[in-house]
Each structure stands twice: as structure tokens, then as C-alpha cells.
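Generate coordinates for the sequence data below:
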Amino acid sequence: MFEYCSDPATLTGLKWLGCFLTTGTHQNFYWSFGTVLLLLAITAPAALMFGFLGATAARSHLPPLSLIGRTYIAAVRGVPDIVYFMFFVIALDQGIEWTKHLFVCPDLSQPVWSGLEFKVCPDAKVPLATSAPIWHKIYAFGTAVVTFAIVFGAFAANVIYGAMQAVPRAQLETAEAYGMSQAQVFRRILVPQMWIYALPGLSNLWLILIKATPLLFLLGIQDIVYWARELGAAKTSGNNPYPHGDWRIFYFLGLLVFYLAFTRISEIVLGRLTARLSHGQATAAGEAMRKAAVP
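Alright, predicted model coming up:
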């Protein structure tokens, strides 16, 4: 980045450190923070959508729909997250390629499974081997987002289902007595009020999601954990322009500060959101606000 960085062997002190921290590899490390934030920005609403649909299905009066919702919640919550992250990504990838194989491969007589090896024709690979590297990164990131959304969506569904059950039944019955249909009661009474009951659980789930982002490293995505390990490892080769010892502790300490700061900011935002939603509600927090306002 700097002109004097052209010959690292002549550098010492802060100049050496400045050049070291602005190498192309470090630029990838800095950009990987954006990868984590982008994952959270996409996964959180996607998981919330899965959770809302799962909770709505679970409380449905239609037995098949209720069974689907309850099975989704129980199946995902009952299995360790890492199993889904390692298994589902592979299953999703092979499912996409198998579906594409049925339409684009000229010879369907050959099985896609040969022993334990999964093989499709080159035209069925996703992305194609000739695709630009950016498409391979986008595809890997997309499968990670889907996996995160499905896993955390099940936990969100359990939280939202409990919140829906916590809304006082008397309010729903009053709305029905005024002539509202079931759909109107659900849309106008149940959903607006259940958020205050769901927010504590969803807040905890958000913090867990933040802590789960290093799982991207296990999915083969070059995230902040990957680059921290790569950059911090000892580089003593004579061919390396910036030789150094094992500095992983410093990089991982930086990640510790990042996650703690991000978690603290999240707690402040969620606290203000809780206070806003509690205003006028028949909850402990809402009652405390009402009493504080009385002179």
C-alpha cells in the first residue's frame, strides 16, 4: 500500500508493522468481517421467517400442518447444530446437483451413486468447473445462509410458538366476540402482541447466532476465524517477506474484542427495542413503566 513497503527486508519498527498489516492477505482478513456481518444481516430475517412459519404451522388446527410444524421444531432442536451444519450443506449440494443431473445430463442410465462416491456429469455440477471463482464463493455462502436459517429458524419457531401461547386468551375471545374472523384475530390481535413475549427469547437467539458465525470456517468459507489462524501462524520461511512467530493469540484476541463489542451493541439495541414494545403492554415491564409514570 505504501511506497516504502516495496522492500520489506529494509523495514523495522512501526513501518514494518504498517506494511505487514496492509498486505493483500490482511485486506482479505478485513473484508471477512463484512462476510460475517452480511451473513447475520441475511440469516436473521430468514431464520425469523422460518420460525414464524414453523410456529404458525405448529399451532394450526389442521393435523397434517401441525405435525409438519412440530416435527420441524423437534427434529432440528433435538440434533446438535454442528451435525446439521456438516450434513445439511452436503445434502443440499448433492440434492441440487442430482436435480440438475436429471435435466441436463445426456446419459441417465448411469447411477449418481457409485459405492460411497457421488458423481454427476460435468454439466450438472453447481457451480460449473468453468465458472468464475466468485460464483463458487457465492454458492458456498448461499448454502451456508440456508443452513443457518433452517437451524436457527427451528429455535425461533419454538420461541414464537410459546409467545403466541402467552397472549391472553381473553383478548382473542373478545376480538372474536366483536365479529372478527380467525384470520383477523391472528393478524390484528395475536401477532402484534406476541412480539413482546417473544423478544427475550429471540434476543438470546440473536446472541447465539452471533457466536455461531465461526462455524463458517467449518463449512470451508474463508471467514475471520480462517484468516486469523492463517495470518497468526508462524511464518519463518526465508521466502516470506514478513517472517514472524506464532501470533495467533493476538489475532484471536482481536476476534474476542470484536465479538464482545458486537454483543454489547446488540444488547443495547435490544434493550431499547424491548422498552419500546413494553409500553402500554400488560406485562411486568409494561406495568413497571406505567407505575413509574404515575406521579
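
List the residues that contact P214.
Contact partners of P214, counting by C-beta atoms under 8 Å, 6 or more residues apart in numbering, are D223, I224, V225. In this view, the C-beta of every residue, glycine as well, is placed from N, C-alpha and C.

So the second one sits against L255, correct?
Yes - with contact defined as C-beta atoms under 8 Å, I224 and L255 form a contacting pair (6.0 Å).

Between those two, point out the one with more neighbours.
I224 (25 against 16; other C-beta atoms under 10 Å).

what's the helix or strand for the closest residue to that one other than its chain neighbours?
Leaving aside its sequence neighbours, I224 sits nearest to S32 (C-beta to C-beta, 6 or more residues apart in numbering; 4.7 Å). Using DSSP states H and E, S32 sits within helix 24-58.

Also W195?
helix 191-212.

Now do that helix and helix 24-58, the angle between them.
140 degrees (axes from the mean of the first three to the mean of the last three C-alpha atoms, to 10 degrees).

how far is helix 191-212 from where the chain is centred?
Per C-alpha atoms, centre = their mean, to the nearest Å, the displacement of helix 191-212 from the mean C-alpha position of its chain is 14 Å.

try stretch 89-107
Relative to the chain's own centre, stretch 89-107 is displaced by 25 Å; criterion: C-alpha atoms, centre = their mean.

Give the buried residues for that stretch.
Buried residues in stretch 89-107, counted by 16 or more other C-beta atoms under 10 Å: V89, D93, Q94, E97, K100, H101.

Looking at those residues, which are in strands?
Taking DSSP state E, every one of those sits outside strands.

what's the most distant pair in those residues?
Across these, the longest distance by C-beta to C-beta is 18.5 Å; it joins V89 and H101.

circling back to that earlier point, for the helix holding S32, buried residues please.
Those would be 26, 29, 32, 35-36, 39-40, 42-44, 46-48, 50-58, for helix 24-58 by 16+ other C-beta under 10 Å.

Turn the contacts of P214 into JSON lines, columns for pLDDT.
As requested, the contacts of P214 are exported to JSON lines (pLDDT from 0 to 100):
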{"residue": "D223", "pLDDT": "85"}
{"residue": "I224", "pLDDT": "89"}
{"residue": "V225", "pLDDT": "88"}
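
Mind checking which of the residues you listed are in helices?
Judged by DSSP state H, the subset of the contacts of P214 located in helices is I224, V225.

quick one, strands of this structure?
113-114, 117-118.

Take those strands and lay them out in JSON lines including mean neighbour count and mean pLDDT.
Shown next, in JSON lines, are these (neighbours: other C-beta atoms under 10 Å; pLDDT from 0 to 100):
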{"stretch": "strand 113-114", "mean neighbour count": "10", "mean pLDDT": "76"}
{"stretch": "strand 117-118", "mean neighbour count": "10", "mean pLDDT": "80"}
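
What distance do you get for the closest residue to H244 other than its chain neighbours to F250?
Spatial nearest neighbour of H244, excluding adjacent residues (C-beta to C-beta, 6+ apart): K235 at 5.5 Å. K235 sits 14 Å away from F250, going by C-beta to C-beta, to the nearest Å.

Please say which of those two ends up with more neighbours.
K235 (17 against 11).

Tell me who's in contact with the residue lying closest to Q94 once chain neighbours are set aside.
Using C-beta to C-beta, 6+ apart and skipping residues adjacent in sequence, the residue nearest Q94 is F118, 5.4 Å away. Listed by C-beta under 8 Å, 6+ apart, the contact set of F118 reads Q94, E97, V112.

Where does pLDDT dip in the stretch 151-295 of the chain?
Along the stretch 151-295 of the chain, the parts satisfying pLDDT under 70 run over 237-238, 279-295.

Equivalent analysis for the stretch 1-150 of the chain, please.
1-4, 6, 8-9, 11.

Show me where it has its helices.
Secondary structure of the stretch 1-150 of the chain (DSSP state H, counting those that start in this stretch): helices at 13-20, 24-58, 63-77, 81-104, 133-166.

what comes up buried for stretch 57-64?
A57, A58, R59.

before we move on, back to that, how far off helix 133-166 does the helix holding S32 point, in degrees?
Using the same axes, to 10 degrees: helix 24-58 against helix 133-166 is 40 degrees.

roughly how far out does helix 24-58 sit from the chain middle?
4 Å.

by contact count, what packs against it?
The criterion is 3 or more C-beta pairs under 8 Å, 6 or more residues apart in numbering; DSSP states H and E, and the helices and strands that helix 24-58 contacts are helix 63-77, helix 133-166, helix 191-212, helix 224-232.

Rebuild those as JSON lines, extending it with distance to L273.
Shown next, in JSON lines, are the helices and strands packed on helix 24-58 (distance: least, C-beta to C-beta, whole Å):
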{"stretch": "helix 63-77", "distance to L273": "25"}
{"stretch": "helix 133-166", "distance to L273": "15"}
{"stretch": "helix 191-212", "distance to L273": "7"}
{"stretch": "helix 224-232", "distance to L273": "27"}
